[in-house]
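J.: Okay, predicted coordinates and the sequence, questions at the end:
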Amino acid sequence: MDKKDLEILNFLQKDASIALADLAQAVHLSVTPCWRRVQKLQEDGVIRSQVALCDPGKLNLGLTVMVALKAAQHNEKWMQKFIAGVKDISEIVEILRMSGDIDYLLKVHVPDMAGFDLVYKKLVKVADLQDVSSSFVMEVIKSTTALPLDYAVVKPLKTG
């Protein structure tokens, strides 16, 4: 990956629907080399997918809940059962296995408290849990899917 690839990623992280011709022009490449670079970034798994990011509020999902869980057991069987169960709860949009005081952190989008109660009831049926603690998001200060590109290992551009 070189600086030109990072330029491409910078644009695509802001708007993956940008027309290829516009992307190529923005990064000062012709269309074919730009397309090849995008394809290579996809093949290498740098670009995992291209999606539409929806506004939860406009989809009647006005309540965001962060749920901290402590596992009742710490073994492979429990973990597999838990992961299989929570993956099927569509309101859970992010599942993170953590170090420290909590084992898992879940991000949940629901319409309201009654909607969260339904998710909570599904969640506690999935596997034995030692503790469940929920925090309700009052305001989103920053929300982005764009990763910082400053840390990427970059090869120098070939000249000539």
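T.: In hand now; what should we look at?
J.: Any stretches of the chain with poor pLDDT?
T.: 157-160 (pLDDT under 70).
J.: what ranges do the helices span in the protein?
T.: 3-14, 20-26, 31-43, 76-87, 113-126 (DSSP state H).
J.: Export these as a markdown table, with columns for distance to K107.
T.: C-beta here means a position set from N, CA and C on the backbone, and glycine is covered the same way. Shown next, in a markdown table, are those (distance: least, Cβ to Cβ, whole Å):
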| stretch | distance to K107 |
| --- | --- |
| helix 3-14 | 20 |
| helix 20-26 | 30 |
| helix 31-43 | 26 |
| helix 76-87 | 11 |
| helix 113-126 | 11 |
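J.: Of all those, which one comes closest to A146?
T.: A146 lies closest, by Cβ to Cβ, to one member of the helices of the chain: helix 3-14, at 3.9 Å.
J.: Distance check, the residue nearest to V51 when sequence neighbours are not counted against K40.
T.: Spatial nearest neighbour of V51, excluding adjacent residues (Cβ to Cβ, 6 or more residues apart in numbering): A16 at 7.6 Å. Distance from A16 to K40, counting by Cβ to Cβ, to the nearest Å: 16 Å.
J.: How about P56?
T.: 33 Å.
J.: Settle it for me: which of these two has more neighbours?
T.: Using other Cβ atoms under 10 Å, the more surrounded residue of P56 and K40 is P56, with 17 against 14.
J.: ok, the closest residue to that one other than its chain neighbours - contacts?
T.: Once flanking residues are discounted, P56 sits nearest to H109: 4.9 Å by Cβ to Cβ, 6+ apart. Applying Cβ atoms under 8 Å, 6 or more residues apart in numbering to H109 gives the contacts P56, L61, L63, T64, V65, E91, V93.
J.: Repeat the analysis, applying 7 Å as the threshold.
T.: Contact partners of H109, counting by Cβ atoms under 7 Å, 6 or more residues apart in numbering, are P56, L61, T64, E91, V93.
J.: Take those residues and write them to a markdown table, including distance to D44.
T.: Listed next are those as a markdown table, based on distance: Cβ to Cβ, whole Å:
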| residue | distance to D44 |
| --- | --- |
| P56 | 31 |
| L61 | 33 |
| T64 | 33 |
| E91 | 33 |
| V93 | 26 |
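J.: What residues of stretch 92-110 count as buried?
T.: Of all the residues in stretch 92-110, those buried under the rule 16 or more other Cβ atoms under 10 Å are I92, I95, I102, D103, Y104, L105, L106, V108, H109, V110.
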